[in-house]
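Undergrad: Coordinates for the following, if possible.
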Amino acid sequence: MGIFFGTDGVRGVVNNDLTEDLAQMVGNALARKKKNAKIIVGRDTRVSGSFIVSAFSVGALKGGANVIDVGIIPTAGISYLVKNKKADYGVVISASHNPKEYNGIKVFDSDGRKLSEKEETQLERYFCCPLVQSSIKVGRYKFVPSLANQYERFLSSCTNVRFDDLKIVLDCANGAAYKIAPKVFKNLGAEVVKINCLSSGKKINENCGATNVAALQKKVLDCKADVGFAFDGDSDRVIAVDENGSVLDGDMLIYILAKSLSKKGKLNSNTVVGTSHTNTGLLIALNRQKINLIRTDIGDKYVIEAMEKMNLSLGGEQSGHIILRSLLPTGDGILSAIKICETLKESGGKISQLFDAKLLHQLNKNIVVADKLKILNSEMLSQKISQILSDIAPAGRVLVRASGTEPKIRIMVEHQDEKVALKYMKEIENIILSI
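TA: Down below sits the predicted model:
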């Protein structure tokens, strides 16, 4: 990672970590990197979105780049449009699943792929030397929200299956999917029930969406829906709820899609890419289906890099990032939900019947800390983790890492015995709190 770019672009609390000056520097750096660059920019619903878009655009225009602003659109929509419209860069102003006070800047190349760490580091080198063009060489700004319709049509074209008999609940996290997702599923014939589809940005990700599915579970049960889907603020994640109100996380959805694609002969090398967080039970279940699982570091960019390197078609994370690479080079919650519904319709059964793997108990906890590096570099924590790994092997796993976007340490403990997992989780938590 660079100084400003983290695991998923530049991100932070607006006017604290993510300032007007920083947003301008990112825009200007892109203008310096490519002469007369054409940049397509979009955002989620956050109140600070227009402020950051404006600051970014000023930096880009000052350096001679041209900016096309499409307004509110899911992250994957920018990935699609930047290639479709032959732009040089796509930029998304969003902090994804983070709270409303956060915002961020994600950058895509001309092929619709997120910049690599190396490319982000190169971009940062331009931050200290802004380019200021003369008055007749500055760039032009256009606001073209109608471009989002092209992404909407693309999504509707990604399946030949009609959803006429499906009742679907959509939780759009009061974010970027609030308008497009319901419209796409209605176009495909589904009966759509909407929750958390406000566009003001004041309640984005607030007790809703992919990080909090309690409201979705209740709504699915109350209205006797076939399935429910929860997206996050920029809709690059999706979590599902089956007809019984049970949660299907990213791991589970990837398993369902992997089986379907493998059966159709469309799962390249019969291999799926997951992360170090991917449940070991999923690995075992996939192997029984003669499907391989490759793990990468946590972060969708690492999943995508592995998929590209090995020409694989499916990958993702437990958090709900799912990449269907034959259709888009980045995670798309709406597209993934469409493909799950397609699989459900083709099966002729219930969505609960599509997931038959037995997962290990996996406990996850986030601890807010003042100094992530101090915690991770603690000898006391290192010794405790080593001792637990020795005790828990081979029946379990432990993972302790820093969040790439928030001041948190994330703990994962996995074991076939939930009580054992809980015991070790508590021991690690106590050590972290004591440092």
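
Undergrad: In the longest helix anywhere in the chain, which residues are buried?
TA: Criterion DSSP state H: the longest helix present in the chain is helix 418-434. Neighbour-count burial for helix 418-434, with 16 or more other CB atoms under 10 Å as criterion, is recorded at 420, 421, 424, 425, 428, 431, 432. Glycine gets a C-beta too; all of them are placed from N, C-alpha and C.

Undergrad: swap in stretch 115-128?
TA: When neighbours are counted by 16+ other CB under 10 Å, the buried residues of stretch 115-128 are found to be 115, 117, 119, 120, 123, 124, 126, 127.

Undergrad: Which of the three states applies to the third one?
TA: Residue 119 carries the three-state label helix when classified by DSSP: H, G, I helix; E, B strand; the rest coil.

Undergrad: Check it and give its pLDDT.
TA: Per-residue confidence (pLDDT) for residue 119: 92.

Undergrad: for stretch 188-201, the distance to its chain's centre please.
TA: Here the centre of mass of C-alpha atoms in stretch 188-201, compared against the chain's by CA atoms, centre = their mean, to the nearest Å, lies 19 Å away.

Undergrad: gap between the two ends of that stretch?
TA: Terminal residues of stretch 188-201 lie 27 Å apart, using CA to CA, to the nearest Å.

Undergrad: hmm, back to that, would you list the buried residues of helix 418-434 in TSV and tack on distance to residue 402?
TA: Shown next, in TSV, are the buried residues of helix 418-434 (distance: CB to CB, whole Å):
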residue	distance to residue 402
420	25
421	21
424	19
425	17
428	14
431	15
432	11
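
Undergrad: So which of the residues you listed is the closest to residue 27?
TA: Taking CB to CB as the measure, residue 432 is the one of the buried residues of helix 418-434 closest to residue 27, at 38.0 Å.

Undergrad: Please give the element, helix or strand, for residue 175.
TA: In this structure, residue 175 sits in neither a helix nor a strand according to DSSP states H and E.

Undergrad: burial of the nearest residue to it once chain neighbours are set aside, as a residue count?
TA: In space, and not counting its chain neighbours, residue 175 is closest to residue 233: 3.8 Å by CB to CB, 6 or more residues apart in numbering. The local packing of residue 233 (other CB atoms under 10 Å) involves 35 other residues.

Undergrad: Quick check: residue 233 touching residue 172?
TA: No - using CB atoms under 8 Å, residue 233 and residue 172 do not qualify as a contacting pair, with a distance of 9.3 Å.

Undergrad: Mind listing the shared neighbours of those two?
TA: In terms of CB atoms under 8 Å, 6 or more residues apart in numbering, residue 233 and residue 172 are both contacted by the residues residue 209.

Undergrad: who touches residue 217 in this structure?
TA: If you count contacts by CB under 8 Å, 6+ apart, residue 217 has them with 228, 241, 245, 247.

Undergrad: Actually, residue 202.
TA: For residue 202, the contacting residues are 47, 100, 174, by CB under 8 Å, 6+ apart.

Undergrad: mind listing what the second one touches?
TA: Read that as residue 100. Neighbouring residues of residue 100 by CB under 8 Å, 6+ apart: 46, 47, 201, 202, 203, 204, 205, 206.

Undergrad: What residue spans form the domains of this protein?
TA: Following automatic domain parsing, one finds the domains of the chain at 5-150, 171-353, 361-434.

Undergrad: Can you check the distance spanned by the second one, start to finish?
TA: Put plainly, it is domain 171-353. Here the two ends of domain 171-353 are set 22 Å apart, with distance taken as CA to CA.

Undergrad: cool, the last one as well?
TA: As for domain 361-434, its first-to-last residue distance stands at 26 Å under the measure CA to CA.

Undergrad: all helices for the stretch 151-300 of the chain, in order.
TA: For the stretch 151-300 of the chain, applying DSSP state H, counting those that start in this stretch gives helices covering 180-187, 214-222, 250-263, 280-288, 300-310.

Undergrad: just for the protein, where's the confidence low?
TA: Per-residue confidence of the chain (counting by pLDDT under 70) places the weak regions at 1-2.

Undergrad: sorry, back to before: enumerate every residue touching the residue nearest to residue 175.
TA: For residue 233, the contacting residues are 44-46, 94-98, 173-176, 204-205, 209, taking CB under 8 Å, 6+ apart as the criterion.

Undergrad: quick one, strands of the stretch 51-200 of the chain?
TA: Assignment of strands within the stretch 51-200 of the chain using DSSP state E, counting those that start in this stretch yields the ranges 66-72, 89-93, 102-108, 141-143, 167-171, 191-195.

Undergrad: just those strands: most buried one?
TA: Across those, the average number of neighbours (mean count of other CB atoms under 10 Å) peaks for strand 89-93, which reaches a mean of 29.

Undergrad: rewinding a little: how about the strands of the stretch 51-200 of the chain in JSON lines, adding distance to residue 213?
TA: Formatted as JSON lines, the entries for those read as follows, by distance: least, CB to CB, whole Å:
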{"stretch": "strand 66-72", "distance to residue 213": "23"}
{"stretch": "strand 89-93", "distance to residue 213": "24"}
{"stretch": "strand 102-108", "distance to residue 213": "20"}
{"stretch": "strand 141-143", "distance to residue 213": "34"}
{"stretch": "strand 167-171", "distance to residue 213": "7"}
{"stretch": "strand 191-195", "distance to residue 213": "11"}
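
Undergrad: pretty sure residue 249 contacts residue 241?
TA: No - judged on CB under 8 Å, residue 249 makes no contact with residue 241 at a distance of 10.4 Å.

Undergrad: Of the two, which one has the most company?
TA: Using other CB under 10 Å as the criterion, residue 249 and residue 241 rank with residue 241 on top: 25 against 19.

Undergrad: Check the gap between residue 159 and residue 336 for me.
TA: Using CB to CB, to the nearest Å, one gets 12 Å for the distance from residue 159 to residue 336.
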